[in-house]
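*Asks:* no sequence on hand, only this structure:
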């Protein structure tokens with residue numbers, strides 16, 4: 001009967017060993033790599049790791065190699081379907097090009113945040129924190 005109860009601990013990671021996974025970290029980075037090993041604290045080892053940068057339907061990867069990731073920094077972890085991955089409508093672009101687009105988008109977002117803070121501050125609202133502060 002106990003065999004029917006699903007794992008709710010780091011033991012549930014056993015099915016991901018030697019599979020390609022995507023990891024989303026607390027700071028927002030997205031890592032792709034081969035899940036090789038883990039421990040009881042959900043710390044794990046990724047091999048052939050790349051950091052993926054997205055902007056709309058474009059992406060670029062930066063090679064990172066082998067990484068040891070502390071479990072408490074992981075927001076999400078999931079297996080990548082290798083067949084579905086090939087059918088994604090994403091276009092690879094050079095890393096420098098996508099970094100420039102991401103930087104421009106971040107500048108625009110920061111400018112908009114400042115304007116919003118001024119408008120809402122004039123109405124008596126307190127402008128504390130940013131999106132993603134819940135982590």
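*Replies:* Sure, I can see it. What you are looking at is a predicted structure, and each value in this text was computed from that prediction instead of being measured. Residues are numbered from 1 along each chain as shown.

*Asks:* would you map the strands across the protein?
*Replies:* 20-25, 30-38, 44-55, 58-69, 74-79, 91-92 (DSSP state E).

*Asks:* let's have these in CSV, adding mean pLDDT.
*Replies:* Below are the strands of the chain laid out as CSV (pLDDT from 0 to 100):
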stretch, mean pLDDT
strand 20-25, 95
strand 30-38, 94
strand 44-55, 94
strand 58-69, 94
strand 74-79, 92
strand 91-92, 90
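
*Asks:* so for residue 107, which of those sits nearest?
*Replies:* Counting by C-beta to C-beta, residue 107 lies closest to strand 44-55 out of the strands of the chain; the figure is 13.4 Å. Yep, even glycine has a C-beta here, placed from its N, CA and C like the rest.

*Asks:* now for the strands of the chain, which one comes closest to residue 113?
*Replies:* Using C-beta to C-beta, those put strand 44-55 closest to residue 113, at 18.8 Å.

*Asks:* that closest one pairs with which strands, parallel or anti?
*Replies:* Applying DSSP bridges, strand 44-55 is found paired with strand 30-38 (antiparallel), strand 58-69 (antiparallel).

*Asks:* ok and it relative to strand 74-79, angle-wise?
*Replies:* Angle, strand 44-55 to strand 74-79, by axes from the mean of the first three to the mean of the last three C-alpha atoms, to 10 degrees: 90 degrees.

*Asks:* buried set for strand 44-55?
*Replies:* Residues of strand 44-55 classed as buried: 44-46, 49-51, 53, 55 (neighbour count, 16 or more other C-beta atoms under 10 Å).

*Asks:* how about those residues, which pair is most distant?
*Replies:* Farthest pair in the buried residues of strand 44-55, by C-beta to C-beta: 45 and 55, 29.1 Å.

*Asks:* about what we covered before: and of the buried residues of strand 44-55, the nearest to residue 111?
*Replies:* Out of those, the member with the shortest distance to residue 111 (by C-beta to C-beta) is residue 55, at 17.6 Å.

*Asks:* I'd like the distance from that closest one to residue 125, if you could.
*Replies:* 31 Å (C-beta to C-beta, to the nearest Å).

*Asks:* got it, and residue 34?
*Replies:* Distance from residue 34 to residue 125, by C-beta to C-beta: 47 Å.
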